[in-house]
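Trainee: heads up, no residue letters with this:
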């Protein structure tokens, strides 16, 4: 099989037109050279495509950078993990903290029902201990610490709790919710600090 090429050349043995024919070995060599070229940078390719589209849609080529950024943000949102992370941080240097919390997949569950219908978890945090877990965003639509006890003498000590934190109002998908258990020099001044980071 021969393929016609439009490159002009000089024939050594007989007159010929200003065109030539390549045999299979030549074609294979051309393909090998093509395969050896590194793939084009994806971002550069996207910008070139955007510029072509901009010309057709009467957009300014300068807007291609912002379009590329927006596309990157959309892709990051699609492929990022859909979880909410919960951190329990015992800042007491001397005492354990026992934590009972409830989560629910119902965003508007009433506070007085979450401990009956929600999922219960219990943690025992040593002094200075920090525990972290993650739940799918659809599974953690509401969370509440029902009871946190600072264990000063055996199982006896001050306690605290939180209200219900709800998705959309208090946190969002991908956020980190940190509950910090702390007290002053007076161990009975025990309380929970809540922070949400996106």
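Mentor: Structure's in. What do you need? Everything quoted here is computed from the prediction, not taken from an experiment.
Trainee: What lies in contact with whichever strand or helix holds residue 181?
Mentor: Element membership of residue 181 [criterion: DSSP states H and E] is strand 176-183. Residues from elsewhere that reach strand 176-183 (Cβ atoms under 8 Å, 6 or more residues apart in numbering): 84-92, 97, 99, 125, 143, 145, 148, 150, 158, 160, 162, 165, 171, 189-198. (C-beta placed from N, C-alpha, C; glycine too.)
Trainee: which parts of that strand are buried?
Mentor: For strand 176-183, the neighbour count (16 or more other Cβ atoms under 10 Å) marks 176-179, 181-183 as buried.
Trainee: repeat for stretch 100-113
Mentor: Quick answer for stretch 100-113 (16+ other Cβ under 10 Å): 100-105, 109.
Trainee: Next, give me the two most distant ones among these.
Mentor: Using Cβ to Cβ, these span at most 18.7 Å, a distance reached by 100 and 105.
Trainee: Enumerate the strands of the chain by residue range, in sequence order.
Mentor: 3-5, 20-22, 83-90, 96-104, 119-125, 130-136, 142-151, 159-160, 165-166, 176-183, 190-197 (DSSP state E).
Trainee: between the buried residues of strand 176-183, which is closest to residue 130?
Mentor: Using Cβ to Cβ, the buried residues of strand 176-183 come closest to residue 130 at residue 178, 9.3 Å.
Trainee: Quickly list the domain ranges of the chain.
Mentor: 3-36, 42-79, 83-197 (automatic domain parsing).
Trainee: one step back: among the contacts of strand 176-183, which ones are buried?
Mentor: By 16+ other Cβ under 10 Å, those give 84-86, 88-90, 92, 97, 99, 125, 143, 145, 148, 150, 158, 160, 165, 171, 190, 192 as buried.
Trainee: Report the contact partners of residue 84.
Mentor: 134-137, 140, 167, 171, 173-177 are the contacts of residue 84 under Cβ under 8 Å, 6+ apart.
Trainee: repeat for residue 104
Mentor: Taking Cβ under 8 Å, 6+ apart as the test, what residue 104 contacts is 114, 117-119, 140-143.
Trainee: how close does it get to residue 195?
Mentor: 21 Å (Cβ to Cβ, to the nearest Å).
Trainee: same check, this time on residue 97
Mentor: 17 Å.
Trainee: again, but for residue 165
Mentor: Residue 165 is 11 Å from residue 195, by Cβ to Cβ.
Trainee: Need the nearest residue in space to residue 129, chain neighbours excluded.
Mentor: Residue nearest to residue 129 in three dimensions, not counting chain neighbours: residue 90, with 5.0 Å by Cβ to Cβ, 6 or more residues apart in numbering.
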